[in-house]
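1. got a predicted model here, sequence first, then my questions.
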Amino acid sequence: MRHGSRFLHLVYSSSKFPTRFPQTLLRTSSTCTAPTAAPIQNFPTKRTIFCYIFQECTHQKALGPGKQAHARMIVFGFVPTVFVTNCLIQMYMKCSSLNYAHKVFDRMPQRDAVSWNTVISGYCERGEMVIARSLFELMPVKNAVSWNTLISGYSRQGDHEEVIGMFLALERMGMLFDHITLAVVLKSFSCLHYYSMCLLIHGLAVKMGSVNDMVTGCALVDMYGKCSNVEDSFRFFNEMPERNWICWSAIIAGFVQNDKLVDGLQLFREMQRHEIEVSQSTYASVFRSCAGLSARRYGCQLHGHAIKTDFATDVIVGTAALDMYAKCGTLTEAQMVFDLLSVRNLQSYNALMVGYIQNNRGVEALELFQLLRRSDFGFDETSLSVAFSASAAIKGISMGRQLHGLSLKSVFQSNICVENAILDMYGKCGAMEGAQCVFDEILGRDAVSWNAIIAAYEQNGDAEATLGFYASMIHSGVEPDEFTYGSVLKVPAGDEAYHQGMVIHGRAIKTGIAMQSFVGGSLVDMYCKCGMMDEALMLHDRVKENNLASWNAIISGYSMLKREEEAQNFFSMMLEMGLKPDNFTYATVLDTCANIATIGLGKQIHAQIIKKELQSDVYIISTLVDMYSKCGSMQDSVLLFQKATKRDFVAWNAIICGYAYHGFGEEALEVFKNMKKENVKPNHATFLAVLRACGHMGLVDEGLSYFYSMESYGLDPLLEHYSCMVDILGRCGYLLKALELIEEMPFEADDTIWRTLLSVCKIYGNIEVAEKAANAIMQLDPEDSSVYILLNNIYADAGMWDKVSLMRKTMRYNNIKKEPGCSWIEVLSEVHTFLANEKAHPNCEDMYKNLHILYDEIMLPMHVSDTICTWEH
């Protein structure tokens, strides 16, 4: 048994030691008389005894035995030396009894530098820097340890300006400082990104000969990494004669912090080859790398490595692993790690909550926040911000308001991060009055505050307010960043007001961020949505690093302008460049396949979607269902719809539209009934498909019923719905009711609805209604040839040849020509387009020969039938 343990045993077991001591016995006095109790025998000196006891209590943080030994010392009347008293102060400090330590210090008749440094160190460790600083100022003679103790205390509190001030004061006084001083000061300069000052400290370390010191070397490696100079950090790291686990941890963290994620993992493997011990911070860095790379499999291996090295229950490593799993989208594993943590902290809860938000699981995030509130950890600004984001994600305005009330009662009432999160929540929930009030109450608005209010108005469709706040932001002196431009550029894109977009583009060029990836992509998207594809392509080629959003914007722009082949060609170019399409890319290209019926390319993309395991995405499933139905493969469309695990209203609309488009009216109406049973709320597109199905089946009463039931779902019929009803009524012979419906519409009829009425007039030969519809179309679009052709055919069917002659003269006089019909077909991945009476195709002669053969084969049975009829007569 060691000396210290024996002395502790004596403290606990001796019958001469009281089990409890009154508070008065804890006072030390230099005038105590000798105790009457018999002294302890067989030990060298009392000074040695108490010294060992206090040191052992310090190591084991045993406050109770230490206090008993202190009481016994008073009872003995032993006047301790400065060294023994310092050991006693150290014991109280390590046992977190700052009050007792200070009392002992106050009653010391003589103090040395160790006495002062011990008390100052204790207050620094507790974060009570005001008291520590006042003791430091009272210290008669300060040495390097005193300065380092106070400087380190400020560094731990994150008060880097004070660290630098202390260092400059130390230098002005001409006092010597050591490698520890340099290491702490380097950390503060790097945290403040004072790179030039860091270089001066490096030079000072070289001059002092401390550059080869392990502590200074690790600080320099860390400094260069935090100042975004990983090349110099790595160069200095390689030049170090000796490297410990702190150096390895610093260089790995430097690479990870500068987004050199793969390099960070490679350094970790190199560290393992050198058999260097792995620390908590190292694991935190490599888990962060795996999260950034979405390398779940490698992260899982690292997690196994951490468990093998006895870090399974470590809260820091566990939280880092939890965060990695959450950011890789595997929330089951993240929840499992969280559940298995024997000790959790606030960061553990926050990491899992952030994971839920990033994976669109706002309800679970709010449930976890409630669990956090019931724990002893409380919450911080991160917890509150994430809770507000969760409320925004689920559009839970009621929960958001409750959280707002909670924040007002907390110390985070004026925290800028929390205020911005509240503002964002109100904006995403559509409560613009609340968002405006929060914005008005923010005193120190930063760029995030302005971006939140601008995005809120943009998302709620208020273009004027969006641009107004953008102008106010500039006038307030806050420079717009990439997120600002991401919001304001959507306004001119949506309204096709490209002049405003060009003004914003000019501002982005002036501030030097127009060619950055995110802003460049937003500008490309704006020009595409304004139909200015040439400008969009030019800008796309000039952006420094084209991201996926820019490529998607070009493909979407071509698709929107009905230039499907160019969209598909650009998609092929994107694949050749090595870019990996995302869900939006695939959905957009599938939409172009549906528009021009290129089912071959659609099937190829479908195969890629299966290969990349994207078939569970609701948006992609909806697009696939739509693509197959529009390409005539209704069987595949239905099969995909039935196998879909998740179906939103878009998928339901796609299958209903598909059935209606192919004339399966009963099936379309049956699916609509099932949609309502699944509690999926229909929208305008749903009712449009249902009305078309009713039109195919000639269901007038059902069509009217569905038409008028739209109001019960909070939907006002649009022009397209009225057009469908006109078609239904007209096809069933109710032409006057159809005309009456058009005249009663709450808005002006367009040429499409009048053309629908004119088409059904041909079926029943209603000249009066047809002429009224034709006159309306001619006023709206005088150069439309279809109206002349339709009316001409109606006159011909009625035998009104004088009217027919007049219509043809009118067409010749107005130089109106019938547009030729167009059709196309895909053969061996090549699309062939045909116009009526066109003979420009290279295989034209062969095709016409085959057409004549087919025509003869079709006509042959008719000739045979006529011959048989003649013989019978």
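-> Cool, got the structure. Residues are numbered from 1 along each chain as shown.
2. please count neighbours and contacts with C-alpha atoms only from this point.
-> Will do.
3. for the stretch 601-750 of the chain, which spans come out with low pLDDT?
-> For the stretch 601-750 of the chain, no stretch is flagged by pLDDT under 70.
4. which stretches of it form helices?
-> Here the stretch 601-750 of the chain has its helices, by DSSP state H, counting those that start in this stretch, at 618-630, 634-643, 649-661, 665-677, 684-697, 700-709, 719-731, 735-743.
5. contacting residues around the second one?
-> Outside helix 634-643, the residues that touch it by CA atoms under 8 Å, 6 or more residues apart in numbering are 621-622, 624-629, 647, 651, 655, 658-659.
6. average pLDDT for stretch 762-782?
-> In this model, stretch 762-782 carries a mean pLDDT of 84.
7. next, the buried residues of that stretch.
-> Going by neighbour count (16 or more other CA atoms under 10 Å), the buried part of stretch 762-782 is 762, 765-767, 769-771, 773-774, 776-777.
8. could I have the CA atoms of it written out in CSV?
-> What follows is stretch 762-782, C-alpha atoms only, in CSV (Å, rounded to 0.1, in the frame of the first residue of the first chain):
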residue,chain,number,x,y,z
LYS,A,762,-69.4,20.6,-85.6
ILE,A,763,-70.8,17.4,-84.0
TYR,A,764,-74.4,18.7,-83.9
GLY,A,765,-74.2,21.2,-86.7
ASN,A,766,-75.3,24.1,-84.6
ILE,A,767,-74.6,27.1,-87.0
GLU,A,768,-75.8,29.8,-84.6
VAL,A,769,-73.6,28.9,-81.7
ALA,A,770,-70.7,28.0,-84.0
GLU,A,771,-70.7,31.5,-85.6
LYS,A,772,-70.8,33.1,-82.2
ALA,A,773,-67.9,31.0,-81.0
ALA,A,774,-65.9,31.7,-84.2
ASN,A,775,-66.4,35.4,-84.0
ALA,A,776,-65.1,35.4,-80.4
ILE,A,777,-62.0,33.5,-81.4
MET,A,778,-61.3,35.8,-84.4
GLN,A,779,-61.4,38.8,-82.1
LEU,A,780,-58.9,37.2,-79.7
ASP,A,781,-56.6,35.6,-82.3
PRO,A,782,-57.4,36.8,-85.9
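9. how distant is it from the center of its chain?
-> Remark: stretch 762-782 is offset 54 Å from the chain centroid, using CA atoms, centre = their mean, to the nearest Å.
10. and for stretch 435-446?
-> On CA atoms, centre = their mean, the centre of stretch 435-446 falls 23 Å from the chain's centre.
11. how about stretch 319-333?
-> Put simply, stretch 319-333 sits 15 Å off its chain's centre (CA atoms, centre = their mean).
12. quick one: end-to-end distance for that stretch.
-> Terminal residues of stretch 319-333 lie 12 Å apart, using CA to CA, to the nearest Å.
13. what mean pLDDT does it have?
-> Confidence for stretch 319-333, expressed as mean pLDDT, is 90.
14. buried sites along that stretch?
-> 319-329, 331, 333.
15. contacts only, for residue 659.
-> Residue 659 neighbours (CA under 8 Å, 6+ apart): 629, 634, 665, 667-668, 693.
16. any chance of TSV for the residues you listed, columns distance to residue 423?
-> Below are the contacts of residue 659 laid out as TSV (distance: CA to CA, whole Å):
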residue	distance to residue 423
629	43
634	47
665	47
667	46
668	43
693	45
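17. list buried members of those by neighbour count.
-> For the contacts of residue 659, buried by 16+ other CA under 10 Å: 629, 634, 665, 667-668, 693.
18. may I ask which two of the buried residues of stretch 319-333 are separated the most?
-> Largest separation among these by CA to CA: 319 and 329, giving 15.5 Å.
19. just how off-centre is the helix or strand encompassing residue 793 within its chain?
-> Using DSSP states H and E, the element containing residue 793 is helix 785-797. Mean-position distance between helix 785-797 and its chain equals 57 Å (CA atoms, centre = their mean).
20. just the buried residues of stretch 762-782 now: which is nearest residue 574?
-> residue 777 (43.5 Å).
21. count of residues packed around the closest residue to the closest one other than its chain neighbours?
-> Of all residues not flanking residue 777 in the chain, residue 751 sits nearest, at 5.1 Å (CA to CA, 6 or more residues apart in numbering). Residues lying near residue 751 (other CA atoms under 10 Å) number 19.
22. which ones are touching residue 751?
-> 776-777, 780-781.
23. for residue 428, same thing?
-> If you count contacts by CA under 8 Å, 6+ apart, residue 428 has them with 392-393, 395, 456, 459.
24. quick check: helices, which of those are part of them?
-> Secondary structure assignment by DSSP state H places 392-393, 456, 459 of those in helices.
25. distance-wise, check the spatially most central residue of the chain relative to residue 257.
-> Central residue of the chain (CA atoms, centre = their mean): residue 358, 5.7 Å from the mean position. Separation of residue 358 from residue 257 (CA to CA): 21 Å.
26. what ranges do the strands span in the protein?
-> For the chain, the strands defined by DSSP state E occupy 822-827, 830-835.
27. for the contacts of helix 634-643, which one is nearest residue 78?
-> Of these, the one sitting nearest to residue 78 (CA to CA) turns out to be residue 647, at 83.8 Å.
28. what's near enough to touch the nearest residue to the closest one once chain neighbours are set aside?
-> Spatially, and ignoring its direct neighbours in sequence, residue 647 is nearest to residue 618 (6.1 Å; CA to CA, 6+ apart). For residue 618, the contacting residues are 646-648, 651, by CA under 8 Å, 6+ apart.
29. of these, select the buried ones using a ChimeraX command.
-> To isolate the buried members of the contacts of residue 618 in ChimeraX, using 16+ other CA under 10 Å:
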select :647,651
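30. just for the protein, where's the confidence low?
-> 1-47, 492-498, 815-822, 824, 826-831, 835-838, 840, 860-873.
31. hang on, the earlier thing: closest to residue 217 among the buried ones among the contacts of residue 659?
-> Set against residue 217, the nearest of those by CA to CA is residue 629 (67.0 Å).
32. quick check: the closest one touching residue 658?
-> Yes. Assessed by CA atoms under 8 Å, residue 629 is found in contact with residue 658 at 5.1 Å.
33. next one: phi and psi at residue 209?
-> The phi/psi pair for residue 209 (degrees, to the nearest 10) reads phi 80, psi 20.
34. tally of neighbours for it?
-> Using other CA under 10 Å, residue 209 has 11 neighbouring residues.
35. repeat for the one 10 residues further on
-> Neighbours of residue 219 under the rule other CA under 10 Å: 26.
36. excluding its backbone neighbours, what's nearest it?
-> residue 183 (5.2 Å).
37. same check, this time on residue 481
-> residue 447 is the one closest to residue 481 (CA to CA, 6+ apart), at 7.6 Å.
38. sorry, back to before: in the helix holding residue 793, what counts as buried?
-> The neighbour-count check on helix 785-797 (16+ other CA under 10 Å) flags 785-796 as buried.
39. quick one: the closest residue to residue 513 other than its chain neighbours from residue 173, how far?
-> Once flanking residues are discounted, residue 513 sits nearest to residue 519: 6.9 Å by CA to CA, 6+ apart. According to CA to CA, residue 519 stands 51 Å off from residue 173.
40. thank you kindly, that will do.
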